[in-house]
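S.K.: whatever this is, show me its structure:
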Amino acid sequence: MKTFETERIILRPWQKSDAEALFKYASEAEVGLPCGWRPHKDIEESKFVLEKILMVPETYAIVLKETGEAVGSISLMMGGRYGEEEAEIGYWLGKPHWGKGIMPEAVKILQNYAFCDLGKTVLWCGYFTGNDKSRRVSEKCGFRYHHTEYGVMMKQLGETRDVNKTVIYKNEWEKMQKNS
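M.R.: Numbers count the residues shown, from 1 in each chain. Okay, here's the model as predicted:
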C-alpha cells in the first residue's frame with residue numbers, strides 16, 4: 001500500500017503499534033457515534049479493530065508529522081456496490097484535531113490518488129444526517145449532495161440512520177484543480 005505525505009500529515013497503512021493512539025481517539029463518544037460505531041471500551045477492542053477493520057487495503061492512518069501519532073483514519077472503498085470506475089471515501093478524526101483543516105487535506109490526497117492513479121471517474125462520500133462536521137469536509141473538498149438513503153441499519157448501534165450521499169466527478173474535480 002502507498003504512503004502519502006504533505007507538510008503536516010502522512011497517510012500510511014495502520015500498524016499494530018497504533019493501538020494506543022487508536023484507543024485514545026476511538027474511545028470518545030463524540031468521534032465514533034456520529035460515524036456509526038460505539039466508542040472503544042478498552043485497548044483490546046482497539047487492537048481487534050486494528051487487525052480486522054483498519055489494517056486492510058486502501059485504509060490509512062492519518063499521522064501528524066509533528067508528533068508521529070495516528071490521529072484519525074481515511075479509506076477508499078471500492079468494489080462491491082461500486083462500479084469499476086467508482087469509489088467512496090470514508091473518514092474520522094480525533095476530537096482534539098477537529099477544525100484544523102486536517103481532514104480536508106487528507107481527503108484531497110485520496111481524491112488525487114483515486115482520480116489520477118486509480119483511474120476512478122466518480123467519488124462518493126457519505127455522512128449521517130446531523131453529522132455537520134463530515135458534511136462540511138465533503139463540501140470543502142468539492143463533493144455535492146446527490147441523495148439520501150433512509151433508514152440504514154447501524155448494526156453495532158442497533159438503530160437506523162439516514163445517510164446523505166455526496167458525489168464529485170473527475171471532470172468537476174479537474175476544474176477545481178485548475179482554479180486553485
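
S.K.: got the CA coordinates for the helix or strand bottoming out on mean pLDDT in the chain in CSV?
M.R.: Least confident element among the helices and strands of the chain, by mean pLDDT, DSSP states H and E: helix 29-32 (a mean of 89). Extracted C-alpha coordinates of helix 29-32, given in CSV (Å, rounded to 0.1, in the frame of the first residue of the first chain):
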residue,chain,number,x,y,z
ALA,A,29,-18.3,9.1,22.0
GLU,A,30,-18.1,12.3,20.0
VAL,A,31,-15.9,10.6,17.5
GLY,A,32,-17.5,7.2,17.0
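
S.K.: which strands or helices does it pack on?
M.R.: strand 86-93 (3 or more CB pairs under 8 Å, 6 or more residues apart in numbering; DSSP states H and E). Heads up, the C-betas are built off the backbone N, CA and C, glycines and all.

S.K.: partner strands of the strand it packs on and their direction?
M.R.: Next to strand 86-93 in the sheet, as set by DSSP bridges, lie strand 70-77 (antiparallel), strand 122-128 (parallel).

S.K.: TSV please, covering those strands and showing distance to S17 and mean pLDDT.
M.R.: Converted to TSV, those look like this (distance: least, CB to CB, whole Å; pLDDT from 0 to 100):
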stretch	distance to S17	mean pLDDT
strand 70-77	9	97
strand 122-128	29	95
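
S.K.: just to revisit the earlier point, buried sites along the helix or strand that the least confident helix or strand of the chain is followed by?
M.R.: As assigned by DSSP states H and E, the chain's next helix or strand after helix 29-32 is helix 43-49. The neighbour-count check on helix 43-49 (16 or more other CB atoms under 10 Å) flags 45-47, 49 as buried.

S.K.: can I assume V152 sits in a helix?
M.R.: No. Applying DSSP: H, G, I helix; E, B strand; the rest coil, one finds V152 to be strand, outside a helix.

S.K.: now S17: how far from I10?
M.R.: Noted for S17: a distance of 14 Å to I10, by CB to CB, to the nearest Å.

S.K.: quick one: which of the two has more around it?
M.R.: A count of neighbours by other CB atoms under 10 Å puts I10 above the other of S17 and I10, at 18 against 9.

S.K.: so the more buried one is in contact with V63, correct?
M.R.: Yes. When contacts are counted by CB atoms under 8 Å, I10 is listed as touching V63 (4.4 Å).

S.K.: show me what whichever strand or helix holds V137 is packed against.
M.R.: Secondary structure assignment for V137, by DSSP H and E: helix 132-140. Applying 3+ CB pairs under 8 Å, 6+ apart, one finds that helix 132-140 contacts helix 102-112, strand 122-128, strand 159-169.

S.K.: which other residues reach it?
M.R.: Residues from elsewhere that reach helix 132-140 (CB atoms under 8 Å, 6 or more residues apart in numbering): 34-35, 91, 98, 103-104, 107, 125, 127-128, 164, 166.
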